[in-house]
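A.B. asks: my questions are about this predicted structure, shown below with the sequence.
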Protein chains: 2
Amino acid sequence: MTDQKPISQEKIPSRGENYSEWYNQLILKSELADYAPVRGCMVVRPYGWALWENIQQALDRRFKATGHVNAAFPLFIPLSFLEKEKEHVKGFSPELAVVTIGGGEKLEEPLVVRPTSETIIGYMYSKWVKSYRDLPILINQWCNVVRWEMRTRMFLRTLEFYWQEGHTAHSTSAEAMEETRRILDIYTRFATDEAAVPVIPGRKSETEKFAGAVSSFTIEGMMGDTKALQSGTSHFLGQNFAKAFNIQFLNESNQLQNAWTTSWGLSTRFIGAIIMTHGDDQGLVMPPRLAPIQIVIVPIARSDEEKARVMPVVEQLRQALAEFRLKVDDRTEVTPGFKFNDWEMRGVPLRIEVGPKDVEKNVITVARRDMPGKAGKSTLGMDQLAPQIAGLLNEIQANMLAKATTFRDAHIHDPRSYDEFKQVVENGWALSWWCGSLECEAKIKEDTRATTRCLPLEQPAGAGHCIVCNQPAHEKAYFAKAY
Amino acid sequence: MTDQKPISQEKIPSRGENYSEWYNQLILKSELADYAPVRGCMVVRPYGWALWENIQQALDRRFKATGHVNAAFPLFIPLSFLEKEKEHVKGFSPELAVVTIGGGEKLEEPLVVRPTSETIIGYMYSKWVKSYRDLPILINQWCNVVRWEMRTRMFLRTLEFYWQEGHTAHSTSAEAMEETRRILDIYTRFATDEAAVPVIPGRKSETEKFAGAVSSFTIEGMMGDTKALQSGTSHFLGQNFAKAFNIQFLNESNQLQNAWTTSWGLSTRFIGAIIMTHGDDQGLVMPPRLAPIQIVIVPIARSDEEKARVMPVVEQLRQALAEFRLKVDDRTEVTPGFKFNDWEMRGVPLRIEVGPKDVEKNVITVARRDMPGKAGKSTLGMDQLAPQIAGLLNEIQANMLAKATTFRDAHIHDPRSYDEFKQVVENGWALSWWCGSLECEAKIKEDTRATTRCLPLEQPAGAGHCIVCNQPAHEKAYFAKAY
C-alpha cells in the first residue's frame, strides 16, 4: 500500500504551537503529499492517493447505487463557452489557466483548462437531449481541474486538484432539486459514516453560492482549530445553463422545454478535512473505513531465536486477517519504538504487536491509534481473531465520530448579543438568527472575518431576530472563519 | 451501466465498404464516444467509460499484485524540464499544448500540459531517492495527457487521451530491464486473457523507440483490416533520465550512483484495439471479461397476459444471475427486434430471450454475439443457470481469442523475396529477416508505407538474410502498415 522506508522521526510542531505548520509538516512527514516544482501544485504520494482511492470507491458505490454513470469530458474548454453564462464567467475568469499555443502554433481561440465542466457538459447535453425520454441524464466524472489560486495550501487549495463532478439534467424543477438534495445527503452520509467527519449540511447564502447556481448546498466540517471547511457542494442550477447551452427537450405534449440541471462535487480537499478533523500531535489518525492501512503488525524480536518463534505467528496473523488492509513491518534496520512512531504518524488505526511473551501466552497485544498510551492497549486471544479485530475497528470508527462530534458541538455557540457573537467566532462557530440581508452578512465579515457557512437544513421552529440588526429573521445560519 | 435510450437503427457502413467510416460510425452509434467541441478531442460516453473502468481494474489488479502503487503528479510541467533530456524534447516538442496565461497574467515560464511525465516524475524521484534503501520506486498513475496531433481518430489518436503511466527507479540495470519486461508480460497477458486481443510482444527498432529510451518494447495487435496497432509500450530508459534529473543514490558501499529507470503505458487507444479486433458489420463485439454489460435479458411479451407470465421469470433470472453485469431491457416503446439490433450494435456478449413458450417449457433462449444467427442460439434449462451462463461466457471469450488469432495468423506472411514482401504488406504483415540497418528500414517505409512493428521476443533459431539487402541478418521483424 505504501513504501516501507523509514520516515524522519523529527517531531512535528504541536497543533497548539502552530496549527498551520503542524498541518504542512504532517502532510510531508506522513508522505501524503509533497510540493511540486510548479507553484501551487502538489504531488499526491502513494499513501495519500491510496486514501483518495478509498474515498473514490466509497462515493462511486453510492453514486452508482443511485443510478449515476461515469464518463469523461475534455480538459480543454473554448473560452467562449464560459462566457455564455454571465455569473459563471464572472466567478471563474480570474482563476483561469489558458492554453494559447498548440503544436507550435498560436491558437485562434484560446482554450481554458477546465476549472469545472458545466459549460462543456452543457454543450454536449444539448446534442444528446431531444425528448423527455432522454432525461434524466445522470453523469459523473472523476478528473483533475485547475484554478489559478494565489494563496495555496496542500489539499485545501491547490492550482490543480482532483475531484468528482456530477452533472445531471432533468425534465422538471422538482426532480432537479430532489437530485441536488439526494447528493447532499450522499455527501453527508459519506462524510459521517466513512470518514467520521460530522459535517453539517445546509444551504449557502446568496453571496457564497456557486457562480451560475440558483442555490448551492454544502457540507461544512469543523476542523481541529475550529475553522470551518466547505467539504462538498451540490448545486441546483435551475435553467441557467440549459438556457445558455440550449439543453431543450420535447415534453410528452410535444412542447419544447428547457431542461433543469444540477452539478455537485467533492474533491481532494476532503483529505484536508480528514487530517484536520482527526489529526493529533502525534500525527494523522485515519478512520478505519478509509485508512489505506487499517492494521500494522510489528514483530518484537531481539534475537534470531525470538524471531524464529515470533515470525510464524505473524504469518498466521497475516492469513487470519487477510480481509483487512494489513501491513507487516518486518524492517530490521529500525527498532520497534521507531516503527511505533512511524505508524502513529501515518495514522494507522490499529497496531498489533507480537513478541515472544505473546507467543508463549497465545495472545497478541493491540494498540488503538485513537486512544494513545495505555488506555488504548489491550490483549486479545487468538480465537475468532478476525471478528474481534473487525469489532475493534468499528469501535475506533465510532469513537472517532463521537470525539469529533463532541468537539464540534462544544464549539458551536448561540451568542445572545452581537458583542458576544464577535467573541465566539474567534474560536468557534455561531449559530444565529440572520435576517438574510447582504448588509448584515458583509458587516459580520468585516468585523470578524467570519462568513456565513450555511443555513442548516435542520432549522429551529419559529423565528427570531437578526444577531446583527435585530430585525425579524426566519432562519438561523452558521457563522465561522473558514479555510 | 448505460442509459436505455433507443439508438438509431440506421445501418452503419460495412467493414468491406469503408473500414474507416465503419469504425467512426460504430463508435458514435454504440455511444462509446462522441466528438467534442474542441478539435481532436473526444467525449468518452458512459458506455465507453464503463469499458475503460473494466480495463483499469484488470490492469490495476495486476500492477498492485506486482508491488506497484498509484500516485498523482501535476498536469503542468515547466518547459525547461522537457529540455533536460535531448532526445525527449526533440520527440515531444512538436506536440505540446502550452499554458502561457494564469490568473489573467502572462506566466514567466510557460507550462506544458503533460504529454507524458518522465521529466516531472524524474524531478520528484531525485528528491525522494537518497540511498539504495529508497529503491526500487514502483509508481503508476492513471491520468489524462495531451499531445497536439494533427490527424486525429477517436480512441486511436486524440489530442487528450486517458492512460496509465508507470515510472520506476531501480539500483541496477538488470532490475530495471526485468521490470520493463515484467510489465510487457502483464500487458500481453491482459490483452490476451481479458480482451481476447492476441497481441505480439516485441522490441521496437531504434527508429520507432520512445524519445529518450534506451530500448522500447511493445505489444502489437492486428486489426480487422490487417493494419497493426501499437497497443501498449514498456520502456527501458537506462540512466538517461536519472542523469538528466540527478536521480542518485548511495549504494551499500556508500558510493553515489545514478539510478536506472523505466516507464510504461497503456491508453484508451486500447479501446480502439478491442473495437477493431472483434467488431463486425452488426457492430461491436465485447469480450465478456471486459464487457460493461455481459448479458442483456429481453422479455418477449405481446400482451399484458403474456407479460404477466414472462416478467416474474425475468425477475427470477435477475436474481439468479446477480454475479454478472446484467441488464434487463424492459422498454415498452420499441419491439424485441429493435432491441436485438440495439444490443448487437453495442456488442453485448450474451442475449437471453424469455417468451411465453420458454416460460411454459421452463427454459430460456440464449443468443451469442460472437456467433450471429442460428449457430449461436440455444436453449438452456433453468437448473444451475449461473454456472451454465458462466460456462457460455467463457466459451465466448475463448472463441473470440481463437477467431482473432486465426485471423492474425492467416495474415502473417513469410515472403521469399522483396517483391513478394511488397505485395504481402498490402494486406497483411510480413515476418522477415532484417539486417537492422536504418537504410533498409527506410526503404521499406518509402516503398510500401509499412514500418517495423517489432522484433518479436520469440525469434527463430539461427540466422538468415535481410529481405531487402540480402545481407546477413540475426533477427526477424514484423513489418506492417500501422495506425
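C.D. replies: Yep, that arrived. Numbering: from 1, shown residues only, chains lettered A, B, ... in the order given.

A.B. asks: now do the residue lying farthest from the centre of chain A against A:Val313, distance only.
C.D. replies: When distances to the mean C-alpha position of chain A are computed (CA atoms, centre = their mean), the maximum falls on A:Glu305, with 47.1 Å. Relative to A:Val313, A:Glu305 is positioned 14 Å away (criterion: CB to CB, to the nearest Å). Every residue, glycine included, has its C-beta placed from N, CA and C.

A.B. asks: by contact count, what packs against the helix or strand of chain A with the lowest mean pLDDT?
C.D. replies: The helix or strand of chain A with the poorest confidence is helix A:86-92; it has a mean of 90 (mean pLDDT, DSSP states H and E). Using 3 or more CB pairs under 8 Å, 6 or more residues apart in numbering or on different chains; DSSP states H and E as the contact definition, the elements that helix A:86-92 packs against are helix A:79-82, helix A:240-245.

A.B. asks: low-confidence bits of chain A, can you list those?
C.D. replies: Filtered on pLDDT under 70, chain A yields the residue ranges A:1-9.

A.B. asks: thinking again about what came up before, what's in contact with the least confident helix or strand of chain A?
C.D. replies: By CB atoms under 8 Å, 6 or more residues apart in numbering or on different chains, the surrounding residues in contact with helix A:86-92 are A:82-83, A:115-116, A:118-119, A:147, A:210-212, A:240-241, A:244.

A.B. asks: re earlier: Three-state assignment for the residue farthest from the centre of chain A, please.
C.D. replies: helix (DSSP: H, G, I helix; E, B strand; the rest coil).

A.B. asks: ok, now the one 4 residues further on?
C.D. replies: Three-state assignment for A:Arg309 (three-state DSSP): helix.

A.B. asks: quickly list what A:Glu160 is bridged to.
C.D. replies: Beta bridges link A:Glu160 to A:Val146 when assigned by DSSP bridges.

A.B. asks: looking at chain A, which helix is longest?
C.D. replies: With DSSP state H setting the assignment, residue counts place helix A:385-410 as the longest helix in chain A.

A.B. asks: chain center to that helix: distance?
C.D. replies: Averaging C-alpha coordinates over helix A:385-410 and over its chain gives two centres that are 19 Å apart (CA atoms, centre = their mean, to the nearest Å).

A.B. asks: how far away is the residue farthest from the centre of chain A from A:Val334?
C.D. replies: Following CB to CB, the distance that separates A:Glu305 from A:Val334 is 20 Å.

A.B. asks: with A:Glu194 instead?
C.D. replies: Distance check for A:Glu194 against A:Val334: by CB to CB, it reads 32 Å.

A.B. asks: the more surrounded of these two?
C.D. replies: Neighbour comparison, A:Glu194 and A:Val334: the larger count goes to A:Glu194, with 20 against 14 (by other CB atoms under 10 Å in any protein chain shown).

A.B. asks: in contact with A:Ala71, which residues?
C.D. replies: The neighbours of A:Ala71, taking CB under 8 Å, 6+ apart as the test, are A:Ile139, A:Asn140, A:Gln141, B:Val43, B:Val44, B:Arg45, B:Pro46, B:Gly48, B:Trp49.

A.B. asks: number of residues surrounding the last one?
C.D. replies: By the criterion of other CB under 10 Å, B:Trp49 has 27 neighbours.

A.B. asks: gap between it and A:Gln423?
C.D. replies: According to CB to CB, B:Trp49 and A:Gln423 sit 52 Å apart.

A.B. asks: also the second one?
C.D. replies: Using CB to CB, one obtains 43 Å as the distance from A:Asn140 to A:Gln423.

A.B. asks: more neighbours, those two?
C.D. replies: Between A:Asn140 and A:Gln423, counted using other CB under 10 Å, A:Asn140 has the larger neighbour count: 23 against 15.

A.B. asks: wait, that one touches A:Val69, no?
C.D. replies: Yes: the pair A:Asn140 and A:Val69 qualifies as a contact (CB atoms under 8 Å) at a distance of 7.3 Å.

A.B. asks: secondary structure element for the nearest residue to A:Tyr478 once chain neighbours are set aside?
C.D. replies: Counting by CB to CB, 6 or more residues apart in numbering or on different chains, A:Arg453 is the residue found nearest to A:Tyr478 once chain neighbours are left out, at 4.2 Å. Secondary structure here is read from DSSP states H and E; on that basis A:Arg453 sits in strand A:451-456.

A.B. asks: before we move on, what about A:Gly202?
C.D. replies: In this structure, A:Gly202 is located in strand A:200-203 according to DSSP H and E.

A.B. asks: next, the angle from the helix or strand following that strand to strand A:451-456.
C.D. replies: Stepping forward along the backbone from strand A:200-203, the first helix or strand reached (DSSP H and E) is strand A:215-222. Following axes from the mean of the first three to the mean of the last three CA atoms, to 10 degrees, one obtains 110 degrees for the angle between strand A:215-222 and strand A:451-456.

A.B. asks: so which elements touch strand A:215-222?
C.D. replies: Partner elements for strand A:215-222 (3+ CB pairs under 8 Å, 6+ apart): helix A:173-189, strand A:200-203, strand A:228-236, helix A:269-278, helix A:385-410, strand A:451-456, strand A:475-480.

A.B. asks: what's in contact with the following helix or strand past the longest one?
C.D. replies: In the C-terminal direction, the helix or strand that comes right after helix A:385-410 (DSSP H and E) is strand A:412-413. By CB under 8 Å, 6+ apart, the residues outside strand A:412-413 that reach it are A:Met222, A:Glu420, A:Val424, A:Gly428, A:Trp429, A:Ala430, A:Leu431, A:Tyr478.
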